[in-house]
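Enquirer: Predicted model follows, preceded by the sequence.
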Amino acid sequence: MTVLFVTGTGTEIGKTVTTAAIAATALSGQYSVAYLKPAQTGVGPGEPGDAAEVTRLAGPEVTSVELARYPEPLAPATAARRSGIPAVGPTDVAEAAAKLAAVHDIVLVEGAGGLLVRLDDAGSTLADAARMLGAPVLVVAPAGLGTLNGAALTAQVLTARKLQCAGFVIGSWPQDADLAARCNLSDLPEVTGAPLLGALPAGAAALAPDAFREAAPGWLSPRIGGTWDASAFTAHWAPR
């Protein structure tokens, strides 16, 4: 897959760190990687955003592109309207991703929040950009209680819009996982009809960049370049 869209079931669940892990894993396999952030919100001029974090963790070899930045931590459409800065539409995203794909092996496009967060006042979303390119969508989800509903809804929207769900990654797996988290490992693929493709440990972003890059392939399934074994991980954490 040349272009992979990364979305989530909500905010602050590990999308950026997961994207960085995919980038680091791809780089370790000698692939060239580009990262595209269509709309960065809640970050002021000159402040490091998600693109800087992906580059910091995955490595300076990543080509990072940010299409627009809005200072208030709101949905892109609302943040654009309030700031007076033009919104980024799905055509802008698709064209930027296609240009990057022409000169990179892998392009990772990270959205803001969930799949249906509005990019502009026309109601366009990340899903519209993915459809323009026919690109698969990877969904990042939290570990614990409430995960299944958000994951199932996201999977249903992808199916309804005839988009491929590449699978799910748990953005932050706790060291002492509770019963809900452990049950979700087997329930998540069942309720979504999509595979579980990885689990990042809680606190992964706090690792030194070299340690992050070395460990990243072990957090991700071979389907996205890593060595993580979903069956073994699920069996290890299965409720007793």
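Expert: Looks like it came in fine. Numbering: from 1, shown residues only.
Enquirer: what stretches of this structure score poorly on pLDDT?
Expert: Applying pLDDT under 70 to the chain picks out residues 1.
Enquirer: Helices of that one, start to end?
Expert: 15-28, 50-58, 76-83, 90-101, 126-133, 147-160, 179-192, 209-215, 230-237 (DSSP state H).
Enquirer: show me the contacts for Gln144.
Expert: No, residue 144 isn't Gln; it's Gly. Neighbouring residues of Gly144 by C-beta atoms under 8 Å, 6 or more residues apart in numbering: 174, 178, 180-181, 184. In this view, the C-beta of every residue, glycine as well, is placed from N, C-alpha and C.
Enquirer: 6 Å instead?
Expert: Contact partners of Gly144, counting by C-beta atoms under 6 Å, 6 or more residues apart in numbering, are 180-181.
Enquirer: residues of stretch 203-223 that come out buried?
Expert: Within stretch 203-223, the residues that count as buried by 16 or more other C-beta atoms under 10 Å are 204-205, 207, 212-213, 215-217, 219-221.
Enquirer: start to end distance for it?
Expert: By C-alpha to C-alpha, to the nearest Å, the extent of stretch 203-223 from end to end equals 24 Å.
Enquirer: Kindly report the same for stretch 113-124.
Expert: The first residue of stretch 113-124 is 14 Å away from its last residue (C-alpha to C-alpha).
Enquirer: From the chain's centroid, how far away is it?
Expert: The chain centre lies 16 Å from the centre of stretch 113-124; the measure is C-alpha atoms, centre = their mean, to the nearest Å.
Enquirer: same question, stretch 170-188
Expert: Centroid separation between stretch 170-188 and its chain, computed with C-alpha atoms, centre = their mean, is 18 Å.
Enquirer: same question, stretch 120-136
Expert: Averaging C-alpha positions (C-alpha atoms, centre = their mean) puts stretch 120-136 15 Å from its chain's average.
Enquirer: Check stretch 100-119 too.
Expert: Distance of stretch 100-119 from the chain centroid (C-alpha atoms, centre = their mean) equals 8 Å.
Enquirer: quick one, what contacts Ala20?
Expert: With C-beta under 6 Å, 6+ apart, Ala20 has these contacts: 54, 57-58.
Enquirer: try 8 Å
Expert: Counted by C-beta under 8 Å, 6+ apart, Ala20 has contacts 53-54, 56-58, 205, 212, 216.
Enquirer: related to what we said a few turns ago, in JSON lines: the buried residues of stretch 203-223, plus distance to Ala122.
Expert: Formatted as JSON lines, the buried residues of stretch 203-223 follow (distance: C-beta to C-beta, whole Å):
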{"residue": "Ala204", "distance to Ala122": "36"}
{"residue": "Ala205", "distance to Ala122": "34"}
{"residue": "Leu207", "distance to Ala122": "40"}
{"residue": "Phe212", "distance to Ala122": "38"}
{"residue": "Arg213", "distance to Ala122": "39"}
{"residue": "Ala215", "distance to Ala122": "41"}
{"residue": "Ala216", "distance to Ala122": "37"}
{"residue": "Pro217", "distance to Ala122": "40"}
{"residue": "Trp219", "distance to Ala122": "37"}
{"residue": "Leu220", "distance to Ala122": "35"}
{"residue": "Ser221", "distance to Ala122": "36"}
